[in-house]
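>>> Here's my sequence, what's the structure:
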Amino acid sequence: MISKYFSLRILIPLLLTLFFTACGTMPLILRPPISTNPAVVQLIDDVFWHIDHEQYELATSKLERALRVEPSNAALWFELAEVHLLQNDSISARNFAVRAKSLSRDAALSRDIDEFVLPLDEL
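Residues are numbered from 1 along each chain as shown. So this is what the prediction gives:
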């Protein structure tokens, strides 16, 4: 059984990387985990469960709680942007993505944010 402090979001990419490395192919580029704070990790796990069950308001609420713990976490802001887009709120989604970009120190995350914002700018 996986500890409640170990996110499946971390485990799955790690296992895929190990698999592809063992197969002799190029490993995937992994982004660092969203957080190492156990409370935030649990909230993020809850967020993904709510998203899977199309409970976007609850996912938003959990993300807002996580942001109260880690207000400068760019990955959390980006997740919030994605949830707002799922709710068809492209204006808020873009604003949260821009906030995430301003806080991001990770090149892969910044690239993902840029790709996310580009179609929103065309609306």
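
>>> For the most centrally placed residue in the chain, which non-adjacent residue is closest in space?
Residue closest to the mean C-alpha point of the chain, counted by CA atoms, centre = their mean, is Glu79 at 4.3 Å. Leaving out its chain neighbours, the residue that sits closest to Glu79 by CB to CB, 6 or more residues apart in numbering is Leu63, at 5.8 Å. Any C-beta I mention is one placed from the backbone N, CA and C, and that applies to glycine too.

>>> now for the helix or strand where the one you found lies, which elements pack on it?
Per DSSP states H and E: Leu63 is located in helix 56-69. Judged by 3 or more CB pairs under 8 Å, 6 or more residues apart in numbering; DSSP states H and E, helix 56-69 is in contact with helix 38-52, helix 74-86.

>>> any low-confidence regions in this protein?
In the predicted model of the chain, residues 1-32, 123 satisfy pLDDT under 70.

>>> one more time with 80
Counting by pLDDT under 80, the chain shows low-confidence ranges at 1-33, 122-123.

>>> Spatially nearest residue to Ile34 (excluding sequence neighbours)?
Ala75 (4.4 Å).

>>> Wait, the one you found touches Leu109, no?
Yes - using CB atoms under 8 Å, Ala75 is in contact with Leu109, at 6.2 Å.
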